[in-house]
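**Student:** need a structure here:
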Amino acid sequence: MKRIFPERPIVAVGALILKNNKILLVKRKNHPDKGKWSIPGGAVRVGESLKEAIAREVKEECSIDVGEGKIAAIIDKIYFTTEGKVIFHYSIVDFLFEDFSGKPHAGSDAESVELFPINNVPKCSNVAISVKELLKNLKENEMPVYTVYKEKYNEK
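**Tutor:** Residues are numbered from 1 along each chain as shown. Coordinates of the predicted model:
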């Protein structure tokens with residue numbers, strides 16, 4: 001399935017990984033959200049369960065292993081061209097993990113990986129809006145949550 005100008009939404013997963021009051025974020029190497037800090041994740045492959053997909057994506061992007069997670073959020077991220085045509089549409093199931101094993105370092109789809117103090121993330125300008133919303137909902141104990149993000153796509 002093509003990711004740009006898709007015929008239908010792409011099912012994806014994300015990992016909200018917390019450890020010692022810090023959150024693990026990856027700097028995206030690819031569009032959408034290229035160059036922004038976001039939670040690790042990606043598209044689910046055919047024949048792969050959501051849990052298998054999140055374990056694979058975290059390993060590929062961060063070189064770490066996660067245990068059993070729980071659903072934190074379901075998000076529709078829809079990006080439009082300036083003409084209003086859908087350029088990307090992901091339906092994402094985000095999982096919450098409260099620990100991991102291994103030493104994080106950037107893998108295939110990440111420019112870099114870093115543990116950020118949770119309280120500093122909302123102040124960072126180059127963090128995906130969905131991350132800020134996830135942390136706000138986590139702080140307010142409002143999980144799982146369903147959110148829709150519709151944005152004009154800015155290819156920088």
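
**Student:** hey, let's count contacts and neighbours off CA atoms from now on
**Tutor:** Will do.

**Student:** Touching the longest helix seen in the chain from outside, list them.
**Tutor:** Ranked by residue count under DSSP state H, the longest helix found in the chain is helix 50-62. With Cα atoms under 8 Å, 6 or more residues apart in numbering as the test, helix 50-62 has contacts from 13-15, 26, 40-45, 64-66, 93, 104-110, 113.

**Student:** Would you mark the buried spots in it?
**Tutor:** 50-51, 53-62 (16 or more other Cα atoms under 10 Å).

**Student:** swap in stretch 37-49?
**Tutor:** 37-44.

**Student:** With stretch 97-111 instead?
**Tutor:** Buried residues in stretch 97-111 (16+ other Cα under 10 Å): 97-98, 100, 104-107, 109-111.

**Student:** Of all pairs in those residues, which one is the farthest apart?
**Tutor:** Glu98 and Glu111 (23.3 Å; Cα to Cα).

**Student:** What residues are bridge-paired with Phe95?
**Tutor:** Beta-bridge pairing of Phe95 under DSSP bridges involves Ala15, Ile71.

**Student:** Run a quick neighbour tally on it.
**Tutor:** 22 (other Cα atoms under 10 Å).

**Student:** show me what contacts it?
**Tutor:** Phe95 touches 13-16, 69-73, counting by Cα under 8 Å, 6+ apart.

**Student:** Mind putting those into JSON lines with pLDDT, distance to His31 and neighbour count?
**Tutor:** Shown next, in JSON lines, are the contacts of Phe95 (pLDDT from 0 to 100; distance: Cα to Cα, whole Å; neighbours: other Cα atoms under 10 Å):
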{"residue": "Val13", "pLDDT": "97", "distance to His31": "16", "neighbour count": "27"}
{"residue": "Gly14", "pLDDT": "96", "distance to His31": "15", "neighbour count": "27"}
{"residue": "Ala15", "pLDDT": "97", "distance to His31": "18", "neighbour count": "26"}
{"residue": "Leu16", "pLDDT": "95", "distance to His31": "20", "neighbour count": "24"}
{"residue": "Gly69", "pLDDT": "94", "distance to His31": "26", "neighbour count": "18"}
{"residue": "Lys70", "pLDDT": "93", "distance to His31": "27", "neighbour count": "16"}
{"residue": "Ile71", "pLDDT": "93", "distance to His31": "25", "neighbour count": "16"}
{"residue": "Ala72", "pLDDT": "92", "distance to His31": "23", "neighbour count": "22"}
{"residue": "Ala73", "pLDDT": "92", "distance to His31": "21", "neighbour count": "22"}
